[in-house]
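Engineer: Structural data only, the sequence is not supplied:
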Ligand code: NAD
Ligand code: MG
């Protein structure tokens, strides 16, 4: 029998983490769980520990660790080691006992541990797009230098990965690639009168028409910053310039993205909008296995529509393209100010249309630098957050 692949799931209690564990539970013969991590959702993590029996569980703080310890003792799970804090996340992501790391922490908080997995030569299943957006070349170099495998979990990038040739060597010119066509749902406000966008509530913004996701990415989908971050993510994953990455709105979310070739062929990957498909693909690659998702019923879908994105309605998409073109640490500033603005919107401190303004102003106030190492990237992230926060308090 083949040795079980040992997984570390960073962000196990989140939307992606839960879907990953759903896939794991379908294949107990193929996967073991080495470590599970969560920030504050201690109760959920304890339940996951009971079901999946990891060697290590990691939480955000000493207090959360104490709470988890009590819950695990009640469940007689004395053998599970409990750790806490950012260094513990890096430790489990790079531990010898672990083969694959699902990077599913939301936001910049996931960068150090995702990068640690890349440096340690793990099979990195990357959902945490913000980590790659912030670190770009540094992350790609870490993967190359260590011989790690990088499997995109974001559904669009997973689709593109599936539509690229098997011998793809990150040089699109050599494979007859004309363009990457990144599909977007358009989010809940695709057809809403732009002048009423300031009235939308966080609850309306997180109610995505096709996908069930965490709150931050749901707001990003409503502003289309999610697609902007994905353009940058595609640039790094597939070594493709901004001009060759085109966003197409496809409200049904059935085609998850496409690759257009110079001979006129367009390859698309399709499926029901359920993240267990890209997760199972990444986990089993290069094989395929059951993900628990029903086959696509094309007759039920009936029609597929495509719309050109309106950059006036979705200014965040333009800001992301501009940041990618500017290069240096502009994408880190974009990402950090977006995280601050989205949180402020969720906390009802600012209106929906202020999100893009906070980002734009932060980008104009913080100079992009040649951020080469993790330390300088994190310093740039902190500076952008400080400037964005100051703007909110003024
Ligand atoms: P989520 O909010 O549902 O879950 C986030 C997870 O990260 C939780 O387990 C939480 O405990 C952990 N976490 C939060 N802050 C942390 C911190 N400071 N330190 C350590 N852990 C922390 O988010 P999600 O929707 O599962 O998204 C996770 C990542 O995957 C994001 O980067 C998102 O962009 C990406 N992604 C998600 C989807 C989706 O369908 N949900 C699709 C594509 C990509
Ligand atoms: Mg996506």
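Structural biologist: It's in. Keep in mind it's a predicted model, so treat the numbers as computed, not measured. Ligands and ions are numbered 1, 2, ... in the order given.
Engineer: Residues of the stretch 51-200 of the chain that sit close to ligand 1?
Structural biologist: Counting by C-beta under 6 Å from any ligand atom, the residues of the stretch 51-200 of the chain close to ligand 1 are 60, 104, 105, 106, 109, 127, 128, 129, 130, 154. C-beta coordinates here come from the backbone N, C-alpha and C atoms, glycine included.
Engineer: For these, give me TSV that also has pLDDT.
Structural biologist: Putting these into TSV (pLDDT from 0 to 100) gives the following:
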residue	pLDDT
60	98
104	98
105	98
106	98
109	98
127	98
128	98
129	98
130	98
154	98
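Engineer: Of the residues you listed, which is the nearest to residue 78?
Structural biologist: Closest approach between these and residue 78, by C-beta to C-beta: residue 60, at 22.1 Å.
Engineer: mind checking the SS state of residue 382?
Structural biologist: On the three-state scheme (DSSP: H, G, I helix; E, B strand; the rest coil), residue 382 is labelled helix.
Engineer: Begin at 16, not 1, for the rest of this chat.
Structural biologist: That works, and once the first residue is 16, the last one we named lands at residue 397.
Engineer: For it, which non-adjacent residue is closest in space?
Structural biologist: Spatial nearest neighbour of residue 397, excluding adjacent residues (C-beta to C-beta, 6 or more residues apart in numbering): residue 351 at 7.8 Å.
Engineer: since we're on the one residue in the stretch 16-165 of the chain that gets nearest to ligand 2, how many residues are nearby?
Structural biologist: Checking the stretch 16-165 of the chain residue by residue against ligand 2 with C-beta to the ion singles out residue 144 as nearest, at 7.5 Å. Counted with other C-beta atoms under 10 Å, the burial measure for residue 144 works out to 28 neighbours.
Engineer: Now do it against residue 337, distance only.
Structural biologist: In this view, residue 144 and residue 337 are 18 Å apart by C-beta to C-beta, to the nearest Å.
Engineer: Ok, residue 182 next?
Structural biologist: Using C-beta to C-beta, one gets 33 Å for the distance from residue 182 to residue 337.
Engineer: just residue 65 next, same as before
Structural biologist: Applying C-beta to C-beta, the value for residue 65 to residue 337 is 48 Å.
Engineer: and what of residue 57?
Structural biologist: Relative to residue 337, residue 57 is positioned 41 Å away (criterion: C-beta to C-beta).
Engineer: swap in residue 203?
Structural biologist: In this view, residue 203 and residue 337 are 25 Å apart by C-beta to C-beta.
Engineer: Cool, thanks, talk later.
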